[in-house]
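here you go, sequence then predicted model.
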Amino acid sequence: MARFQGGPNAGHSIYFGDKSFVLHTVPSGIFREGTVNIIGNGVVIDPLILMDEIRAIGEMGVDVRKSLRIAKRAHLILPTHRLLDAAQESGKGRNKVGTTGKGIGPAYTDKASRIGLRVGDLLQPDFNERYQSLRNQHLRLLGLDSVDDKAWLEAAAGLRTFPIIDSEVEMNSLLASGKSVLAEGAQGSLLDIDFGTYPFVTSSSTLCAGACIGLGVAPSRVGRVYGIFKAYCTRVGAGPFPTELNEETGEKLRKIGHEFGATTGRPRRTGWLDLVALRYAVMMNGTTSLIMMKSDVLNDMETIRVCVGYKMDGQQIDYFPFEAANEPVEPVYKDFPGWKTDISECRTYDSLPAQLKDYIAFIEQQTGVTVDIISVGPDRDATIYR
């Protein structure tokens, strides 16, 4: 399994065997025996956060060193990147993006500016000098004289003891030998730097195409594209959210779905499923299979609404427009009866209530893609494969 973009601003919650864990940088295949897990070149890594995560996983009995590989070309998040992140966000006033404050944006900025430091640089004899030069450059921008970076430097030293590889060579070698590779992104499609709701986006490409750049593989290597979506919508931080629910129903979804940021703990914004946005994501990713999560969160809903179009400037449209990031759009809804039953014990498609099957069928008809996997609970066993 290979992570291809983002950094510790993402939190992927894993539930299995009555245990839960939140992964920020390590690929979620780390808990699968016999897998190789690669942190790709498109990821930005904070050594302090990554080493803490590795220690926590190790305490669960997982031999992380055995299966984890780190790309030499992945960029490092410095302590001063976090300070720059906080300073930049505080200066935006009402236009705040709502970053996690992990230094992601400034790290990608340095990458694009060709002054960043990469994991492979940790192995070079002049790393300390190069680190101090970039750190001091950041401090001058911040108007500061120093930063407490002792723990970060110790974590960076610890990172040197893990396999640091030319990941693009390893990836293509694995594919050439017939191995299957599952590429894992960090954020949703509408947070993509190019095609998301700019400027309320992340700093990397979250789309399927980003996996090619973020792992060093050719587009022709991509096989199936799995699009993961919730049975309703959520968003963390600022930005447009046409189907957002700011009343009792939204709070109910948040409470039942445990919708709080795995990284920040911030309450997620909640709303009805937006098929306009989902169709856009399917188109942009070339999605071949859909995976619907958290179906069970809707168990008690009397009526379930689905957005099928937008009204903008007095006209109804069925596509996701450029203007949606900055101009208000009114959602057009279709209502469905809720299934009003507990589906958490269902393990076959036939055992699902008819109302949920109708809901799924409508999503398939609207997107043109089949929903092949349905999650009916937080545990990995609470999954229906069609």
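Nice, thanks for sending it over. Residues are numbered from 1 along each chain as shown.

which stretches of the protein form helices?
Using DSSP state H, the helices of the chain run over residues 47-58, 64-67, 79-90, 104-112, 127-142, 150-159, 167-176, 209-215, 248-256, 275-285, 354-367.

list the contacts of the nearest residue to T270 once chain neighbours are set aside.
Distances taken as C-beta to C-beta, 6 or more residues apart in numbering place L253 nearest to T270, at 4.1 Å, with adjacent residues excluded. To be clear about C-beta, it is placed using only N, CA and C from the backbone, and glycine gets the same treatment. Contact partners of L253, counting by C-beta atoms under 8 Å, 6 or more residues apart in numbering, are 232, 245, 259, 270-271, 297.

which of these sits closest to L215?
Among the contacts of L253, E259 lies closest to L215 (C-beta to C-beta), at 29.9 Å.

wait, the closest one touches R268, no?
Yes. The pair E259 and R268 passes the contact test of C-beta atoms under 8 Å, sitting 3.9 Å apart.

what's the overlap in contacts for those two?
With contacts defined as C-beta under 8 Å, 6+ apart, the residues shared by E259 and R268 are T234.

thinking again about what came up before, nearest to G7, out of the helices of the chain?
helix 104-112 (4.9 Å).

buried residues, the closest one. List them.
By 16 or more other C-beta atoms under 10 Å, the buried positions in helix 104-112 come out as 104-111.

quick one, what contacts the residue found closest to G188 once you drop the neighbours it is linked to in the chain?
Excluding its sequence neighbours, the residue lying closest to G188 (C-beta to C-beta, 6+ apart) is T206, at 6.5 Å. Contacts of T206 were listed using C-beta under 8 Å, 6+ apart, and they are 5-6, 185-189, 191-193, 196.

next one: K294
The contact partners of K294, taken as C-beta under 8 Å, 6+ apart, are 230-232, 257, 375.

just checking, N37 touches M1?
Yes. Counting by C-beta under 8 Å, N37 touches M1, with 5.2 Å between them.

neighbour count: those two, which is higher?
Taking other C-beta atoms under 10 Å, N37 and M1 do not tie; N37 has more neighbours (21 against 18).

identify the bridge partners of that one.
With DSSP bridges applied, N37 shows beta-bridge pairing to L68.

please apply the same query to I384.
According to DSSP bridges, beta-bridge pairing links I384 with I374.

which of E259 and R268 has more neighbours?
Neighbour totals were compared for E259 and R268, and E259 leads with 22 against 19 (other C-beta under 10 Å).

what is the burial count for R380?
When counting by other C-beta under 10 Å, one arrives at 12 neighbours for R380.

how much space between it and M293?
As judged by C-beta to C-beta, to the nearest Å, R380 and M293 stand 12 Å apart.

again with A112
Taking C-beta to C-beta as the criterion, A112 is separated from M293 by 33 Å.

top strand in the protein by residue count?
Determined from DSSP state E, the single longest strand within the chain is strand 303-312.

kindly check the end-to-end length of stretch 30-49 for me.
16 Å (C-alpha to C-alpha, to the nearest Å).

from the chain's centroid, how far away is it?
Here the centre of stretch 30-49 is set off from its chain's centre by 14 Å, with C-alpha atoms, centre = their mean, to the nearest Å.

got the buried residues for it?
Going by 16+ other C-beta under 10 Å, stretch 30-49 has these buried residues: 30-31, 36-49.

and what of stretch 345-361?
Within stretch 345-361, the residues scored as buried using 16+ other C-beta under 10 Å are 346, 352-353, 355-356, 359-360.

farthest pair in the residues you listed?
Greatest spatial distance in the buried residues of stretch 345-361: C346 and Y359, 13.9 Å, computed using C-beta to C-beta.

list the contacts for the closest residue to T367 other than its chain neighbours?
Spatial nearest neighbour of T367, chain neighbours left out: V282 (5.0 Å); criterion: C-beta to C-beta, 6+ apart. Taking C-beta under 8 Å, 6+ apart as the criterion, V282 is in contact with 227, 290, 367-369.

let's see 7 Å
V282 makes contacts with 227, 367, 369, as judged by C-beta atoms under 7 Å, 6 or more residues apart in numbering.

doesn't I256 make contact with V297?
Yes. Assessed by C-beta atoms under 7 Å, V297 is found in contact with I256 at 5.0 Å.

between the two, which one's more packed in?
Taking neighbours as other C-beta under 10 Å, V297 and I256 compare with V297 leading, 23 against 16.

do you know the pLDDT at the closest residue to that one other than its chain neighbours?
What sits nearest to V297 in space, not counting adjacent residues and going by C-beta to C-beta, 6+ apart, is G257, at 4.2 Å. Looking at G257, its pLDDT is 95.

and V236, by the same measure?
V236 is assigned a predicted lDDT (pLDDT) of 88.

my guess is it contacts G261. True?
Yes. Between V236 and G261 there is a contact at 5.0 Å, judged by C-beta under 7 Å.

now list whatever residues contact both of these two.
Residues touching both V236 and G261 by C-beta under 7 Å, 6+ apart: R268.

which of the two has more neighbours?
Neighbour totals were compared for V236 and G261, and V236 leads with 22 against 16 (other C-beta under 10 Å).

distance of the more buried one from E259?
9 Å.

what do you get for R82?
From R82 to E259 the distance is 25 Å (C-beta to C-beta).

so the protein: which segments form each domain?
Per automatic domain parsing, the structural domains of the chain span 1-223, 225-385.
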